[in-house]
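**Q** structure for this input, please:
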Amino acid sequence: MLLHFHKYQGTGNDFILIDNLSGNIQLNNDQVKFLCDRRFGIGADGLMLIESEPDFDFKMVYYNSDGNISSMCGNGGRCITAFAKKLNLIVSKCTFLAIDGPHEASINEDNIVSLKMQDVKSIEAGNDYFYLNTGSPHFVKFVENLKDFDVYNQGKSIRYNERFSLEGTNVNFVEKVEDSLFVRTYERGVENETYSCGTGVTAAALVAAINGVSTSKNNCQIKTLGGNLEVSFDKVLEQNFYNIRLIGPANFVYSGTILLND
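**A** A predicted model of the protein is given here:
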């Protein structure tokens with residue numbers, strides 16, 4: 001079949017967006033994996049279907065590039081908001097349903113999207129790491145000289161260790177550089193480092209608040225390989241965060257049509 005698609009990116013985290021408001025499109029895992037392949041398909045970190053959902057502006061169905069349904073993707077949530085605006089589903093605000101529950105988002109004229117994330121009420125603190133769920137599971141570790149750090153091999157070794165090998169985890173390495181956090185992430189499902197991870201920088205910002213290294217009391221400026229993001233939040237007690245928002249650009253790249261085999 002001929003499949004029409006749109007390509008979006010949020011700080012270098014890139015996605016294939018497909019309008020499935022009619023409900024007529026059904027993709028299997030192999031097809032998703034092919035579409036996300038950077039040599040044989042379109043190429044992307046993930047693929048999203050925008051679908052109709054009662055009581056919401058839309059539903060977000062997200063697949064990792066390995067073809068499997070995934071947990072929440074923060075940058076994906078920002079990009080699908082921009083896509084909904086392009087489809088004239090929304091003007092500047094929306095509510096949508098994702099795999100981890102309801103989300104709110106707003107988008108301005110410069111395509112800066114503010115996405116409300118789920119509350120975080122529990123953070124595991126290890127000897128040299130933190131572990132938490134911000135819609136997806138994240139291992140967070142502060143390191144030095146992150147610019148030259150071996151994110152791929154170090155991240156892969158943690159993602160596939162005895163504890164995480166079955167379900168996997170995203171692995172974030174963090175360094176405070178001047179007035180920002182520099183974050184690099186190895187993503188499960190992509191099985192590589194991505195240019196940016198929305199739920200990952202959210203996790204890093206909350207951990208930084210616990211460690212007292214946030215760039216501000218209620219927000220954190222983030223640098224990734226793909227660009228800059230901001231995470232704002234309200235904090236109650238030591239590990240209870242709410243009103244968490246992931247803020248940054250979500251940009252249209254191109255659209256096209258591809259022949260997809262059954």
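**Q** what segments of the stretch 51-200 of the chain are helices?
**A** With DSSP state H, counting those that start in this stretch as the criterion, the stretch 51-200 of the chain has helices at 74-86, 151-159, 198-211.
**Q** need these in a markdown table (columns: mean neighbour count).
**A** To be clear about C-beta, it is placed using only N, CA and C from the backbone, and glycine gets the same treatment. Output for those, formatted as a markdown table (neighbours: other CB atoms under 10 Å):
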| stretch | mean neighbour count |
| --- | --- |
| helix 74-86 | 27 |
| helix 151-159 | 17 |
| helix 198-211 | 26 |
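**Q** for residue 193, list each beta-bridge partner.
**A** residue 186 (DSSP bridges).
**Q** for the lowest-mean-pLDDT helix or strand in the chain, which residues meet the burial criterion?
**A** The weakest-scoring helix or strand in the chain, judged by mean pLDDT, DSSP states H and E, is strand 227-236 (a mean of 92). Of all the residues in strand 227-236, those buried under the rule 16 or more other CB atoms under 10 Å are 227, 229-231, 233, 235.
**Q** starting at the chain centroid, how far to it?
**A** Remark: strand 227-236 is offset 14 Å from the chain centroid, using CA atoms, centre = their mean, to the nearest Å.
**Q** show me what it is packed up against.
**A** Under the contact criterion of 3 or more CB pairs under 8 Å, 6 or more residues apart in numbering; DSSP states H and E, strand 227-236 touches helix 198-211, strand 219-224, strand 240-249.
**Q** surely residue 108 touches residue 91?
**A** No - contact criterion CB atoms under 8 Å: residue 108 and residue 91 do not qualify, at 11.0 Å.
**Q** flag the shaky bits of this structure, pLDDT-wise.
**A** The model of the chain has pLDDT under 70 over residues 215, 237.
**Q** closest one to residue 174 among the helices and strands packed on strand 227-236?
**A** Each of those has some distance to residue 174 by CB to CB; the shortest is helix 198-211, at 4.7 Å.
**Q** what's the angle between the closest one and helix 74-86?
**A** Per axes from the mean of the first three to the mean of the last three CA atoms, to 10 degrees, the angle that helix 198-211 makes with helix 74-86 is 130 degrees.
**Q** about what we covered before: tabulate the helices and strands packed on strand 227-236 in CSV, adding columns for distance to residue 8.
**A** As requested, the helices and strands packed on strand 227-236 are exported to CSV (distance: least, CB to CB, whole Å):
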stretch, distance to residue 8
helix 198-211, 13
strand 219-224, 16
strand 240-249, 10
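**Q** select, out of these, the one closest to residue 104.
**A** That would be strand 240-249 among the helices and strands packed on strand 227-236, by CB to CB, at 9.1 Å.
**Q** quick one on the thing from earlier: with the buried residues of strand 227-236 in mind, which one is nearest to residue 114?
**A** Looking across the buried residues of strand 227-236 and measuring by CB to CB, the closest to residue 114 is residue 230, at 8.8 Å.
**Q** the closest residue to the closest one other than its chain neighbours and residue 256: what is the separation?
**A** Distances taken as CB to CB, 6 or more residues apart in numbering put residue 247 closest to residue 230, at 4.3 Å, once the chain neighbours are dropped. Counting by CB to CB, to the nearest Å, the gap from residue 247 to residue 256 is 29 Å.
**Q** okay, these two: which has more neighbours?
**A** residue 247 (17 against 10; other CB atoms under 10 Å).
**Q** so that one touches residue 113, yeah?
**A** Yes - with contacts counted by CB under 8 Å, residue 247 reaches residue 113, the gap being 7.2 Å.
**Q** just the C-alphas of stretch 203-223, formatted as CSV.
**A** Output in CSV follows, covering the C-alpha atoms of stretch 203-223 (Å, rounded to 0.1, in the frame of the first residue of the first chain):
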residue,chain,number,x,y,z
ALA,A,203,14.3,12.4,34.8
ALA,A,204,17.7,14.1,34.9
ALA,A,205,16.1,17.4,35.9
LEU,A,206,14.2,15.8,38.8
VAL,A,207,17.4,14.0,40.0
ALA,A,208,19.3,17.3,39.8
ALA,A,209,16.6,18.9,42.0
ILE,A,210,17.2,16.2,44.6
ASN,A,211,20.9,16.7,44.4
GLY,A,212,20.7,20.4,44.7
VAL,A,213,22.2,21.1,41.3
SER,A,214,19.2,22.4,39.4
THR,A,215,19.7,25.5,37.4
SER,A,216,16.8,27.1,39.3
LYS,A,217,14.4,26.3,42.1
ASN,A,218,11.5,25.1,40.0
ASN,A,219,13.0,24.5,36.5
CYS,A,220,16.1,23.2,34.9
GLN,A,221,17.8,24.2,31.6
ILE,A,222,18.9,21.2,29.6
LYS,A,223,21.4,20.8,26.7
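**Q** sounds good, over and out.
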